[in-house]
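Chemist: Kindly return the folded structure for what I paste below:
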Amino acid sequence: MRSPHLSTFLQHSHRHARWLTSLALLGALAQPVLAAEPAAPAPAASGPAKPGGVLFWSFEQQKAGYPHMEDLFPARRVAKGATVSPLPVAAEPLSLTFHVGGQTWTVDDYLQRNRAAGLLVLKDGQVVLERYGLGQTPQSRWTSFSVAKSFSSTLVGAAVRDGRIRSLDDPITAYLPGLKGSAYEGVSVRQVLNMTSGVRWNEDYGDPNSDVARFGAEPSVNGADPVVAYMARLPREAEPGTKWVYKTGETNLVGSLVRAVTGQTLSAYLSEKVWQPLGMEGDAYWMVDAGGGEIAGCCLSATLRDYGRFAQFFMRGARLPNGQSLVPDDWVAQATTTTREAVAGLQGRGGYGLQWWTTNGRAYRASGIFGQGMWIDPELQLVVVTQSAWPGATDARSAQVRQALIDAITAHYRKP
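Modeler: Residues are numbered from 1 along each chain as shown. Modelled structure (predicted):
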């Protein structure tokens, strides 16, 4: 049964669905085979009354929409398996306070004042803290925004392990011939993954003529991949491997790559390789574009615990419960090593690997706008998953509070 909040999205005509899907792409900034269902037709969706769509939803609209993206936009199911892998609960739960700007905060304060929908902390594979807000429950899904990027990168690792991709240093045109003759000539798969292709891209969300604003509306002509078609028209601004620029479009190229080499949808491949073997407890849904392909840079919807299961799996070398590695043995190290060019591009604001954000220490994270995240500290065997509805896409105050909480959690477990 739909909530009254969700019903406010479903009052107007079908034409708004495509407009909002394009804006959802805009919001992608910030991280045995069971076939997935085909893309469902878009429901009649209206979104918010004021312009700007997903990026400008009110708090009430966020609470209604983020758990139900598959009802608002075309999406494909990521099927769970028959067996659920339990997340054991630790005998000693985590209890702590933390400080922000001289004020003491509790976990309850964090949930209520930082617009948190979910908070999960795993230590040594056990749940030490699991809390929900904004009407969410353990069965509720919540959108990932750019946290999906790290899932897409992992599927590339799986394709390498499967022998579908020979090497990350192969030219991307060897797998996506639609890019031949474009600025992607001479660009490697690795350079697309770490966003150092040298292809010019404008990720300005306030500019309606920016690439990130326009490419989501690219139509599928004669069945061609709209992502490849758009990216093939972009000019080069630097030699490959010499300049880092954050490009949501290139993560979507990663999705095109995985589909091309596997012959499967991302949802089916994720279900086969991750969702079923890991014993996820809920189906996930992945938003699709005009061509029917999953938006690799955004908009996977899953439960809080299933995000936690994925983070735990990746932290442990992307090894499945049977001990088999999903990816090459050095994949996690490669994916979470800072790309040299990203240090300059980010100007000291962190680092970037293969679709994972890196830190000065061993910790790394997947990150999505409006407060979505997976923080992973392999040294402490610690995972922190956050789901949120922040008042702004990268709201500085909300980010400060969340980081203060994460810092307090890591400090707690660093005590001798």
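
Chemist: where's residue 190, which helix or strand?
Modeler: Element membership for residue 190, per DSSP states H and E: helix 189-193.

Chemist: And the contacts of that helix?
Modeler: 153, 156, 165, 167-172, 175, 184, 197-198, 240-241, 250, 253-254, 257, 354-355 (CB atoms under 8 Å, 6 or more residues apart in numbering). C-beta: built from backbone N, CA, C; applies to glycine.

Chemist: Show me what the helix or strand following that helix is packed against.
Modeler: Counting by DSSP H and E, the element after helix 189-193 in chain order, helix or strand, is helix 211-214. Here helix 211-214 touches helix 15-26, helix 248-262, going by 3 or more CB pairs under 8 Å, 6 or more residues apart in numbering; DSSP states H and E.

Chemist: Quickly, which of those helices bottoms out on average pLDDT?
Modeler: Lowest mean pLDDT within these: helix 15-26, at a mean of 40.

Chemist: who does the helix or strand following it touch, helix- and strand-wise?
Modeler: Past helix 15-26, further along toward the C-terminus, the next helix or strand under DSSP H and E is helix 59-65. Counting contacts by 3+ CB pairs under 8 Å, 6+ apart, helix 59-65 packs against helix 4-7.

Chemist: before we move on, back to that, mind checking which of the contacts of helix 189-193 are buried?
Modeler: Buried members of the contacts of helix 189-193, scored by 16 or more other CB atoms under 10 Å, are 153, 156, 165, 168, 171-172, 175, 184, 197-198, 240-241, 250, 253-254, 257, 354-355.

Chemist: any idea where the strands of this protein begin and end?
Modeler: Using DSSP state E, the strands found in the chain span residues 75-78, 97-100, 103-106, 116-123, 126-132, 141-143, 284-287, 300-303, 351-352, 357-358, 364-368, 372-377, 382-388.

Chemist: Columns mean pLDDT and distance to residue 149 on top of the ones you listed, output as TSV?
Modeler: Conversion of these to TSV gives the following (pLDDT from 0 to 100; distance: least, CB to CB, whole Å):
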stretch	mean pLDDT	distance to residue 149
strand 75-78	98	16
strand 97-100	98	28
strand 103-106	98	29
strand 116-123	99	19
strand 126-132	99	25
strand 141-143	99	13
strand 284-287	98	12
strand 300-303	99	10
strand 351-352	92	10
strand 357-358	96	9
strand 364-368	97	7
strand 372-377	99	11
strand 382-388	99	16
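
Chemist: mind putting those strands in a markdown table, mean neighbour count included?
Modeler: Shown next, in a markdown table, are the strands of the chain (neighbours: other CB atoms under 10 Å):
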| stretch | mean neighbour count |
| --- | --- |
| strand 75-78 | 26 |
| strand 97-100 | 16 |
| strand 103-106 | 12 |
| strand 116-123 | 24 |
| strand 126-132 | 18 |
| strand 141-143 | 26 |
| strand 284-287 | 28 |
| strand 300-303 | 27 |
| strand 351-352 | 22 |
| strand 357-358 | 23 |
| strand 364-368 | 26 |
| strand 372-377 | 26 |
| strand 382-388 | 26 |
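
Chemist: Turn those into TSV, including distance to residue 161.
Modeler: Listed next are the strands of the chain as TSV, based on distance: least, CB to CB, whole Å:
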stretch	distance to residue 161
strand 75-78	19
strand 97-100	40
strand 103-106	43
strand 116-123	25
strand 126-132	28
strand 141-143	28
strand 284-287	21
strand 300-303	21
strand 351-352	23
strand 357-358	22
strand 364-368	20
strand 372-377	20
strand 382-388	23
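
Chemist: how about those, which one is nearest residue 63?
Modeler: Residue 63 sits nearest to strand 116-123 of all these, at 7.9 Å, using CB to CB.

Chemist: Okay, now the sheet partners of that closest one, with direction.
Modeler: strand 126-132 (antiparallel), strand 382-388 (antiparallel) (DSSP bridges).

Chemist: Name the residues that touch that strand?
Modeler: Taking CB under 8 Å, 6+ apart as the rule, strand 116-123 contacts 63, 66-67, 87, 90, 94, 107, 110-111, 127-134, 136, 140, 142, 304-305, 307-308, 311-312, 371, 380-389, 409, 413.

Chemist: Equivalent analysis for stretch 89-96, please.
Modeler: By CB under 8 Å, 6+ apart, the residues outside stretch 89-96 that reach it are 107, 121, 123-124, 126-129, 408-409, 412.

Chemist: run the last query once more with 7 Å
Modeler: With contact meaning CB atoms under 7 Å, 6 or more residues apart in numbering, stretch 89-96 is reached by 121, 123, 126-129, 408-409, 412.

Chemist: pull the longest helix from this protein.
Modeler: Taking DSSP state H as the criterion, the chain has its longest helix at helix 396-414.

Chemist: which residues are contacting it?
Modeler: With CB under 7 Å, 6+ apart as the contact definition, helix 396-414 has outside contacts at 96, 98-100, 110, 114, 121, 123, 371, 375, 377, 380, 382, 384, 386, 390.

Chemist: residues in contact with the nearest residue to residue 282 once chain neighbours are set aside?
Modeler: Nearest residue to residue 282 in three dimensions, chain neighbours excluded: residue 303, at 4.6 Å (CB to CB, 6 or more residues apart in numbering). By CB under 7 Å, 6+ apart, the contact set of residue 303 is 138-141, 281-282.

Chemist: Quick check, residue 278 in contact with residue 313.
Modeler: Yes. Look at residue 278 against residue 313 with CB atoms under 7 Å: they come within range, at 5.7 Å.

Chemist: With distance to residue 293 added, can I get the strands paired with strand 116-123 in TSV?
Modeler: Shown next, in TSV, are these (distance: least, CB to CB, whole Å):
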stretch	distance to residue 293
strand 126-132	32
strand 382-388	25
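
Chemist: out of those strands, which comes closest to residue 298?
Modeler: Here strand 382-388 is closest among the strands paired with strand 116-123 (CB to CB), at 15.0 Å.

Chemist: Now do the closest residue to residue 145 other than its chain neighbours against residue 82, distance only.
Modeler: Spatial nearest neighbour of residue 145, chain neighbours left out: residue 368 (3.1 Å); criterion: CB to CB, 6+ apart. Going from residue 368 to residue 82 by CB to CB, to the nearest Å gives 30 Å.
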